[in-house]
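Q: Mind looking at a prediction? Sequence and model below.
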Amino acid sequence: MAVSSVPAMEAKLSRSPGKAGIAVFGAALLVGVVYAAIQLSNDLSIVQTTSLLPFLLLGGALLTALGFEFVNGFHDTANAVATVIYTHSLEPHAAVVWSGLWNLAGVLASTGAVAFGIIALLPVELILQVGTGAGFAMVFALLIAAVIWNLGTWYFGIPNSSSHTLVGSIIGVGVANQLLAGHSGTSGVDWTQAASVGNSLLFSPIAGFVVAGLLLLVAKLALTNASLFIPPTSTEPPPFWTRVLLILTCTGVSFAHGSNDGQKGMGLIMLILIGVVPTAYALNRAVPASETADFAAVSQQTAQVLNHYADPTATVDDPRGAVETYLRTKAFTPTVVTALRNLVDDISGQVVHYESYARVPGGAVRNLRNDMYVASTALTLMQKSHTPAFSAADARVISNYKSHLDRATKFIPGWVKVAVAMALGLGTMIGWKRIVVTVGEKIGKQHLTYGQGAAAEITTMAMITAADHLGLPVSTTHVLSSSVGGTMAANGAGLQWATVRNMVAAWVLTLPASIMLSGLLFALFRRLF
């Protein structure tokens with residue numbers, strides 16, 4: 001028999017947050033917006049231009065990127081609060097605010113690994129040309145496609161993965177870029193990286209279903225309190241320690257969601273900032289000048305290591321061009337190592353000449369960043385492909401050099417993290433109810449029990465935290481929804497197959513739909529830009 005909300009639960013879900021709640025959230029939102037605006041204004045103060053066009057493009061692109069995170073809040077953040085609401089551990093609006101605070105903490109504590117892992121899916125030349133028409137077409141196409149699909153699935157109350165959608169949109173742009181280029185050698189999707197991301201997205205819901213189900217079975221064997229495993233008969237809170245556990249796991253999921261899902265929009269925002277105002281954002285100006293000598297020494301060590309694998313007879317007129325060709329074609333020759341060694345020397349010479357990243361003039365900053373990005377990406381590809389086969393000692397030198405490059409190019413300002421957290425929180429406040437009702441009522445045939453809520457949340461928290469440390473994007477929606485399904489199956493409650501079919505259909509269709517949509521938008525925007 002399908003779950004139906006009792007009138008008390010319906011009343012609880014429909015209750016207004018009240019004037020005080022709205023005022024507190026509005027004040028927090030205002031503080032975040034003002035902080036981000038002041039920091040952005042300070043950063044842009046070094047940009048010297050009399051044209052309004054870059055700032056108009058920047059405003060439009062940032063609104064689009066934050067719009068993606070806003071819609072992300074409809075889906076993924078709402079999943080984090082479903083269990084505490086349906087186990088009556090927290091009132092709905094209190095749960096949403098609490099989750100929002102811990103999402104903010106997770107976003108602020110994030111490392112950026114997931115953000116730049118997503119960016120690595122894009123064609124190299126589009127990343128290098130992000131300030132051109134093709135670069136803007138890429139950013140707008142993939143973001144708008146992701147927003148459209150996420151809004152559609154949210155409207156029908158189907159929990160859908162924002163990560164899945166964004167990856168599909170990126171693949172669509174890469175495929176379209178390659179098709180439009182014909183036989184020019186332009187690269188498309190990095191299928192190796194795409195497979196890695198795809199595997200994490202595919203594996204996570206299966207693992208969530210199995211692990212949460214097993215965890216519930218273990219809990220039923222270890223705990224003798226039968227009330228933990230039967231649907232609650234009232235809207236009263238659960239026993240104290242059970243309630244504490246449920247709130248703690250909701251907190252962990254919210255923090256983990258912020259530290260993983262919150263990063264996906266950050267990487268795209270950084271691409272926008274680098275493309276529109278490279279003077280301020282292409283290089284990390286916070287790196288102190290005192291590190292220049294260390295960078296020069298590490299560069300010299302790396303050049304010596306690369307000499308062991310280079311072609312001593314090769315001459316390369318355009319080192320970066322040769323390395324870019326290697327990244328597009330994946331065709332390795334010893335001449336590529338020669339070109340890369342020369343590029344390492346060029347980068348070191350520029351950094352030493354300017355003495356610090358903060359002193360690199362506006363006209364040279366994009367070129368230096370692109371040199372660094374190409375060198376880092378090429379070294380990553382060589383290490384993954386084991387061609388050439390670096391010795392253990394040489395690999396350590398290269399990894400140390402890459403960390404120096406990434407420190408200069410793969411950074412996320414604090415105001416970007418705050419802006420993303422505000423967008424996620426606002427999206428959750430506005431759109432939480434549809435997804436929460438689906439997770440709480442429509443996956444299983446019985447009301448969610450306390451034990452099921454705890455098992456699903458613990459599983460989700462652990463898996464997202466592990467993925468964050470590995471730099472892999474996973475979907476909070478996929479993991480939590482499948483975990484709830486796993487606990488329903490393990491508890492003998494049964495599943496509502498109509499909901500399950502809709503969710504699986506949305507998950508299956510997300511990739512092809514977002515690929516086609518973003519590819520068509522990219523082709524259109526290429527003409528417009």
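A: Nice, thanks for sending it over. Note that the structure is a prediction, hence the values are computed from the model and not measured. Numbering: from 1, shown residues only.

Q: contacting residues for the residue nearest the centre of the chain?
A: The centroid of the chain falls nearest to Lys264 when counting by CA atoms, centre = their mean (2.1 Å). Contact partners of Lys264, counting by CB atoms under 8 Å, 6 or more residues apart in numbering, are Asn72, Val114, Ala115, Ile118, Ser162, Ser163, Leu166, Pro473. The way it works is simple: take the backbone N, C-alpha and C, and place the C-beta from them, glycine included.

Q: Low-confidence stretches in the stretch 201-350 of the chain?
A: When residues are selected by pLDDT under 70, those of the stretch 201-350 of the chain lie in 201.

Q: His257 - nearest residue in space that isn't next to it in sequence?
A: Nearest non-adjacent residue to His257, counting by CB to CB, 6 or more residues apart in numbering: Thr476, 4.7 Å away.

Q: How many neighbouring residues does the one you found have?
A: By other CB atoms under 10 Å, 30 other residues sit near Thr476.

Q: just checking, it touches Met461?
A: No - with contacts defined as CB atoms under 8 Å, Thr476 does not count as touching Met461, sitting 9.9 Å away.

Q: okay, and the common contacts of those two?
A: Val253, Ala256.

Q: one step back: how much space between the residue nearest to His257 and Gly208?
A: 10 Å (CB to CB, to the nearest Å).

Q: Spell out which residues are contacts of both of the two.
A: Overlap of the contact sets of Thr476 and Gly208 (by CB under 8 Å, 6+ apart) consists of Thr460.

Q: re earlier: mind listing what the residue nearest to His257 touches?
A: By CB under 8 Å, 6+ apart, the neighbours of Thr476 are Asp76, Thr77, Asn79, Ala80, Val253, Ala256, His257, Asn260, Asp261, Thr460, Ile464.

Q: Of those, which belong to helices?
A: Asn79, Ala80, Val253, Ala256, His257, Asn260, Asp261, Thr460, Ile464 (DSSP state H).

Q: got the contact list for the residue nearest to the last one when sequence neighbours are not counted?
A: Across the structure, with CB to CB, 6+ apart as the measure, the residue nearest Ile464 apart from its sequence neighbours is Ala256 (3.8 Å). Taking CB under 8 Å, 6+ apart as the definition of contact, the neighbours of Ala256 are Gly106, Thr460, Met461, Ile464, Thr465, Asp468, Thr476.

Q: One more: Val124?
A: Shown in contact with Val124 (CB under 8 Å, 6+ apart): Ser187, Glu324, Leu327, Arg328, Val374, Thr377.

Q: you'd agree Met463 is up against Phe209?
A: No - at 11.3 Å, Met463 does not count as touching Phe209 under the criterion of CB under 8 Å.

Q: More neighbours: those two, which one.
A: More neighbours surround Met463 than the other of Met463 and Phe209, with 27 against 24 (other CB under 10 Å).

Q: Excluding sequence neighbours, find me the nearest residue to that one.
A: Closest residue to Met463 apart from its sequence neighbours, by CB to CB, 6+ apart: Val479 at 5.3 Å.

Q: Thr64 too?
A: Nearest to Thr64 is Leu143, by CB to CB, 6+ apart, at 4.8 Å.

Q: helix/strand/coil for the residue lying farthest from the centre of the chain?
A: Residue farthest from the centre of the chain, counting by CA atoms, centre = their mean, is Thr313 at 43.8 Å. Of the three states, Thr313 takes coil under DSSP: H, G, I helix; E, B strand; the rest coil.

Q: Distance of the nearest residue to Asn160 once chain neighbours are set aside relative to Ala505?
A: Distance criterion CB to CB, 6+ apart; nearest residue to Asn160, sequence neighbours excluded, is Thr153 at 3.8 Å. Noted for Thr153: a distance of 10 Å to Ala505, by CB to CB.

Q: And those two? Which one has more around it.
A: Thr153 (27 against 11).

Q: name the element the more buried one belongs to?
A: Using DSSP states H and E, Thr153 falls within helix 133-155.

Q: Show me which residues of that helix are buried.
A: Buried residues in helix 133-155, counting neighbours by 16 or more other CB atoms under 10 Å, are found at 134-150, 153-154.

Q: Ok, stretch 288-308 next?
A: Those would be Glu291, Thr292, Phe295, Val298, Ser299, Gln301, Thr302, Ala303, Val305, Leu306, for stretch 288-308 by 16+ other CB under 10 Å.

Q: Let me see the residues that make contact with it.
A: 337, 340-341, 344-345, 347-348, 351-352, 355-356, 358-359, 390, 394, 397-398, 400-401, 404.

Q: chain center to that stretch: distance?
A: Between the centre of stretch 288-308 and the centre of its host chain there is 31 Å, according to CA atoms, centre = their mean, to the nearest Å.

Q: hang on, the earlier thing: if I pick the residue nearest to Thr64, what's in contact with it?
A: Applying CB under 8 Å, 6+ apart, we find Leu143 in contact with Thr64, Ala65, Gly67, Phe68, Ser169, Leu268.

Q: quick one: which of those residues sit in helices?
A: Thr64, Ala65, Gly67, Phe68, Ser169, Leu268.

Q: now that we have those, which one has the most neighbours?
A: Taking other CB under 10 Å as the neighbour criterion, Ser169 ranks highest of these with 32 neighbours.

Q: Count the residues that sit near the residue lying closest to Ile148 once chain neighbours are set aside.
A: Once flanking residues are discounted, Ile148 sits nearest to Leu517: 6.4 Å by CB to CB, 6+ apart. If you count neighbours by other CB under 10 Å, Leu517 ends up with 21.

Q: Over to Leu202?
A: Counted by other CB under 10 Å, the residues lying close to Leu202 total 13.

Q: Is it part of a helix or strand, or is it coil?
A: Of the three states, Leu202 takes helix under three-state DSSP.

Q: what residue ranges in the stretch 51-200 of the chain score low on pLDDT?
A: For the stretch 51-200 of the chain, the stretches with pLDDT under 70 are 75-78, 159, 182-194, 196-198, 200.

Q: So which residues of it form helices?
A: Applying DSSP state H, counting those that start in this stretch to the stretch 51-200 of the chain gives helices spanning 53-72, 78-86, 92-109, 113-119, 124-128, 133-155, 162-181, 191-222.

Q: Determine which stretch of those is the most buried.
A: Ranked by average neighbour count under the criterion mean count of other CB atoms under 10 Å, the helices of the stretch 51-200 of the chain are headed by helix 78-86 at a mean of 30.

Q: What is the end-to-end distance of stretch 306-319?
A: This stretch, stretch 306-319, spans 14 Å end to end (CA to CA, to the nearest Å).

Q: Just the buried positions in that stretch, please.
A: By 16+ other CB under 10 Å, the buried positions in stretch 306-319 come out as Leu306, Tyr309, Ala310, Val316, Pro319.

Q: again with stretch 43-53
A: For stretch 43-53, a neighbour-count test (16+ other CB under 10 Å) marks Asp43, Leu44, Val47 as buried.

Q: can you redo those residues as CSV with distance to Val244, pLDDT and secondary structure?
A: Converted to CSV, the buried residues of stretch 43-53 look like this (distance: CB to CB, whole Å; pLDDT from 0 to 100; DSSP: H, G, I helix; E, B strand; the rest coil):
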residue, distance to Val244, pLDDT, secondary structure
Asp43, 42, 90, helix
Leu44, 46, 89, helix
Val47, 50, 83, coil
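
Q: what two of the contacts of Leu143 are the furthest from one another?
A: Across those, the longest distance by CB to CB is 13.5 Å; it joins Gly67 and Ser169.

Q: Pipe the contacts of Ala256 into a markdown table and attach distance to Leu179 per row.
A: Formatted as a markdown table, the contacts of Ala256 follow (distance: CB to CB, whole Å):
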| residue | distance to Leu179 |
| --- | --- |
| Gly106 | 38 |
| Thr460 | 38 |
| Met461 | 41 |
| Ile464 | 35 |
| Thr465 | 39 |
| Asp468 | 34 |
| Thr476 | 33 |
